[in-house]
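Asker: I would like to see how this sequence folds:
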Amino acid sequence: MTLLRTILARRPWRREFLAWSMVLGASLLVLVFLVLAREIIEGETHRLDDAILTALRTPGDPSVLIGPAWLTKVMTDITALGGVTVLTLITTLVTLYLVLARAERTALFLVVSIVGGWGLSNLLKIGVGRPRPDLVPHLVEVHDLSFPSGHAMLSAIVYLTLGALLSRLETRKRLRFFFMATALVLTLIIGLSRIFLGVHYPTDVIGGWCAGLAWASLTWFAAQRLLGWRTATDRPAEGDPDEGTLGAADRMPGHERGSRQ
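Answerer: Presented below is the predicted three-dimensional model:
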């Protein structure tokens, strides 16, 4: 038992288990996405989608959301957090921070991951070719195709990637949990806002979440392999190619706290 506990306590073993668990989770999400896409193409989801969209509008006046009058404004503000403008601004600012922190490789990886996710989102939309819902009036302007929801997918990719990045720079578990929980909450409410505003079917949003979570998981796995996603308390190995870039950014929070203590 003592030997087993020693093996389980080793960090490399735990990291490998977590890494391959992420790959397995991504595979399951891709499977769900493919099944959902097939059902949508065959028209099997229309009844449920239409029922949910109708239930969110005032009977007799589908242009008005159920609930308080301020709900439309709240949903409009929330949905902007998943728009291209806001996500591009956040990604640019974080990339600049990483460059200034001499973590150029991490900055490049971040940009490639997010741009790749944006490209994948557009390809998936074209591949399925689902038009926007026309059952209820749209409360914000939209132009492109519907499945998967770009807001749901890209918010999952951007916020979860940034949440993972911030988590690995922090030594305190409660703050790591806070970063990831915040990313998940933002992804959830942005997706829900698209349904409330009538610009996406519920299955569009679910598909976006699945694709975004899968991409973010695979990105995390690739980063661990290519960059070495160390925590703030880890010291880089001698000759580590990231020692002057990624390693410097990793070590700043932990070392600064250590020097103050």
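Asker: all contacts plus neighbour counts: C-alpha atoms, from now on.
Answerer: Noted.
Asker: burial count for the closest residue to Leu108 other than its chain neighbours?
Answerer: Nearest residue to Leu108 in three dimensions, chain neighbours excluded: Thr95, at 7.9 Å (CA to CA, 6 or more residues apart in numbering). By the measure other CA atoms under 10 Å, the count of residues near Thr95 is 20.
Asker: pLDDT wise, what is Thr95 at?
Answerer: Looking at Thr95, its pLDDT reads 91.
Asker: quick one, longest helix in the chain?
Answerer: helix 11-41 (DSSP state H).
Asker: what's it packed up against?
Answerer: Secondary-structure packing of helix 11-41 (3 or more CA pairs under 8 Å, 6 or more residues apart in numbering; DSSP states H and E): helix 202-226.
Asker: angle of the helix it packs on against helix 11-41?
Answerer: Orientation check (axes from the mean of the first three to the mean of the last three CA atoms, to 10 degrees): helix 202-226 against helix 11-41 gives 150 degrees.
Asker: what does the following helix or strand past the longest helix of the chain contact?
Answerer: Using DSSP states H and E, the helix or strand that directly follows helix 11-41 along the chain is helix 46-55. Applying CA atoms under 8 Å, 6 or more residues apart in numbering, the contact partners of helix 46-55 are 40, 62, 135-136, 195-196, 198, 201-203.
Asker: name the helices or strands packed onto the host helix or strand of the residue nearest to Leu108?
Answerer: In the assignment (DSSP H and E), Thr95 maps to helix 84-100. For helix 84-100, the contact count by 3+ CA pairs under 8 Å, 6+ apart identifies helix 104-128, helix 150-168 as packing neighbours.
Asker: so how far is Ser146 from the most centrally placed residue in the chain?
Answerer: Centroid-nearest residue in the chain, with CA atoms, centre = their mean: Ala156, separated by 1.8 Å. For Ala156, the distance to Ser146 equals 17 Å [CA to CA, to the nearest Å].
Asker: so who does the closest residue to Gly129 other than its chain neighbours touch?
Answerer: Leaving out its chain neighbours, the residue that sits closest to Gly129 by CA to CA, 6+ apart is Leu145, at 6.3 Å. Residues near Leu145 by CA under 8 Å, 6+ apart: 125-126, 129-132.
Asker: run the angle between the longest helix of the chain and helix 104-128 for me.
Answerer: Going by the same axes, to 10 degrees, helix 11-41 makes 20 degrees with helix 104-128.
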